[in-house]
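next comes the sequence, and after it the predicted model I'd like to discuss.
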Amino acid sequence: MLGFYNYTVILTYLSLLSAGAGIVISLAGEGHPYIGTFFLLICGLCDAFDGKVARMKKDRSEDECKFGIQIDSLSDLVAFGVLPACIGAATLWRSTKLSAVPKMHTGAFFKDAFVPSILFLILILYILAAMIRLAYFNVMEEKRQKEESGVRKKYEGLPVTTASLIFPVVQFLQFLTPWDLTIVYFLVMIIVGFLFLSKISVKKPGFKGIMLMVGLGVLETVILILVLVFYGVSK
C-alpha cells in the first residue's frame, strides 16, 4: 500500500480528517459553522505537535522526511485554507435551525446577489493566498536547509496555522455582541489572507509559545462546546 503509516504522520492524518469532517459539517444541509469551527480547533491542536512528533524518530529515511513535508503542506491547505472558507460560507446560509442561536446571523441581511458574490470571492481568494503562502514556504525552506542546519527561528509572513486561533475568536465574539458580525469574519479573512503573503517577520514560537497557543486553543474549544451545549444548534 502506498504511503507511510508510522507514528510520525498520524497527527497530520488526524488533522486532515478533522478538516474534512469540518468542511462536510459546515456545508451540510443548512450549514453548521460553529461545529465546523470546533474541527478547525482540533486541526490547530494536531498541527502544534506534528512536527515535534515526527522529529522524535531519529532513523527516518529521506523518503519519509520528504513525504512528511508534502502531506503537512497539503493538510494545512485543507485545514487552514479551505475549512475557514467553508465556515465563512456556512455563515451565509439561511438557516431556521441556526436562527434559534442567539445573535446568530441567518442570511436575512444578504438577500441581494451582489453582496454574497463579493463575499464568496473573498473566500476563494483567501484559499488562493493560503496555497501560495504554503508553496512559497516549501520552496524557501528547502533552500534554507541547503544553506544552514537546524530549525528556522522566524517566518516570513503569517503562518497559515494561525487561522485555527484567529477565526474561532471571531466566531465567539458573535455571542458577546448583539450585532451581526458576519461581515467582520470576512474582513478578518481579507486581513489574514494579506498577511499570509506579506513580508512581515514572525518569530517562530518556542515550547512555551506553543503551549500558550495550545492553551488558548483548548480554552476556545471548551467555550465553543459550552456554547453549543447551552444554546444548541438545532433548537
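Looks like it arrived, so ask away. Quantities reported herein were computed from a predicted structural model and do not represent experimental measurements. Residues are numbered from 1 along each chain as shown.

ok but Gly155 is inside a strand, no?
Not Gly; residue 155 is Tyr. Yes: assessed by DSSP: H, G, I helix; E, B strand; the rest coil, Tyr155 belongs to a strand.

let me know the pLDDT of it.
For Tyr155, the model assigns a pLDDT of 79.

next one: the one 3 residues further on
In this prediction, Leu158 carries a pLDDT score of 92.

where does it sit: helix, strand or coil?
Going by three-state DSSP: Leu158 is coil.

that one: what's it in contact with?
Val192, Leu195, Phe196, Ser198, Ile200, Val202 (CB atoms under 8 Å, 6 or more residues apart in numbering). Backbone N, C-alpha and C define where each C-beta goes, glycine included.

now the last one: how far from Phe175?
This means Val202. From Val202 over to Phe175 the distance is 29 Å, taken as CB to CB, to the nearest Å.

more crowded one of these two?
Neighbour comparison, Val202 and Phe175: the larger count goes to Phe175, with 17 against 14 (by other CB atoms under 10 Å).

distance check, that one against Ile225.
In terms of CB to CB, Phe175 sits 13 Å off from Ile225.

who wins for neighbours among the contacts of Leu158?
Phe196 (25 neighbours).

isn't it right next to Ile132, touching?
Yes: contact criterion CB atoms under 8 Å: Phe196 and Ile132 qualify, at 7.5 Å.

ok, now how distant is the residue positioned nearest the centre of the chain from Phe39?
By CA atoms, centre = their mean, the chain has its centre lying nearest to Phe80, at 2.9 Å. Going from Phe80 to Phe39 by CB to CB gives 12 Å.

so how far is stretch 59-70 off the chain centroid?
24 Å (CA atoms, centre = their mean, to the nearest Å).

who are the packing partners of the helix or strand Gly20 falls within?
With elements taken from DSSP states H and E, the one containing Gly20 is helix 10-27. Under the contact criterion of 3 or more CB pairs under 8 Å, 6 or more residues apart in numbering; DSSP states H and E, helix 10-27 touches helix 33-55, helix 62-77, helix 83-90.

next one: it to chain centre, how far?
With CA atoms, centre = their mean, you get 10 Å for helix 10-27.

what's the answer for stretch 55-62, then?
27 Å.

if we can go back for a sec, deepest of the helices and strands packed on helix 10-27, which one?
Among those, helix 83-90 has the highest mean neighbour count (mean count of other CB atoms under 10 Å), at a mean of 26.

what's it packed up against?
On a contact count with 3+ CB pairs under 8 Å, 6+ apart, helix 83-90 meets helix 10-27, helix 33-55, helix 114-147, helix 163-173, helix 182-197.

let's see that with 6 Å instead.
helix 10-27, helix 33-55, helix 114-147 (3 or more CB pairs under 6 Å, 6 or more residues apart in numbering; DSSP states H and E).

what does stretch 198-206 contact?
Lys153, Lys154, Tyr155, Glu156, Gly157 (CB atoms under 6 Å, 6 or more residues apart in numbering).

burial count for the first one?
Counted with other CB under 10 Å, the burial measure for Lys153 works out to 8 neighbours.

how far away is the closest residue to Ala130 other than its chain neighbours from Lys146?
Among residues not flanking Ala130 along the chain, Gly81 sits closest, at 3.2 Å (CB to CB, 6 or more residues apart in numbering). Taking CB to CB as the measure, Gly81 falls 27 Å from Lys146.

so between those two, which is more surrounded?
The neighbour count for Gly81 versus Lys146, taken as other CB under 10 Å, is higher for Gly81 (23 against 8).

need the CA coordinates for the helix holding Gly20. PDB is fine.
Extracted C-alpha coordinates of helix 10-27, given in PDB (Å, rounded to 0.1, in the frame of the first residue of the first chain):
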ATOM      1  CA  ILE A  10      -0.500  10.200  12.500                       C
ATOM      2  CA  LEU A  11      -1.200  13.700  13.700                       C
ATOM      3  CA  THR A  12      -1.100  15.100  10.200                       C
ATOM      4  CA  TYR A  13      -3.500  12.500   9.100                       C
ATOM      5  CA  LEU A  14      -5.800  13.300  12.000                       C
ATOM      6  CA  SER A  15      -5.600  17.000  11.100                       C
ATOM      7  CA  LEU A  16      -6.800  16.300   7.600                       C
ATOM      8  CA  LEU A  17      -9.600  14.000   8.800                       C
ATOM      9  CA  SER A  18     -10.700  16.700  11.200                       C
ATOM     10  CA  ALA A  19     -10.600  19.300   8.400                       C
ATOM     11  CA  GLY A  20     -12.600  17.000   6.100                       C
ATOM     12  CA  ALA A  21     -15.200  16.500   8.800                       C
ATOM     13  CA  GLY A  22     -15.400  20.200   9.500                       C
ATOM     14  CA  ILE A  23     -15.900  21.000   5.800                       C
ATOM     15  CA  VAL A  24     -18.700  18.500   5.400                       C
ATOM     16  CA  ILE A  25     -20.500  19.500   8.500                       C
ATOM     17  CA  SER A  26     -20.100  23.200   7.800                       C
ATOM     18  CA  LEU A  27     -21.700  22.900   4.400                       C
END
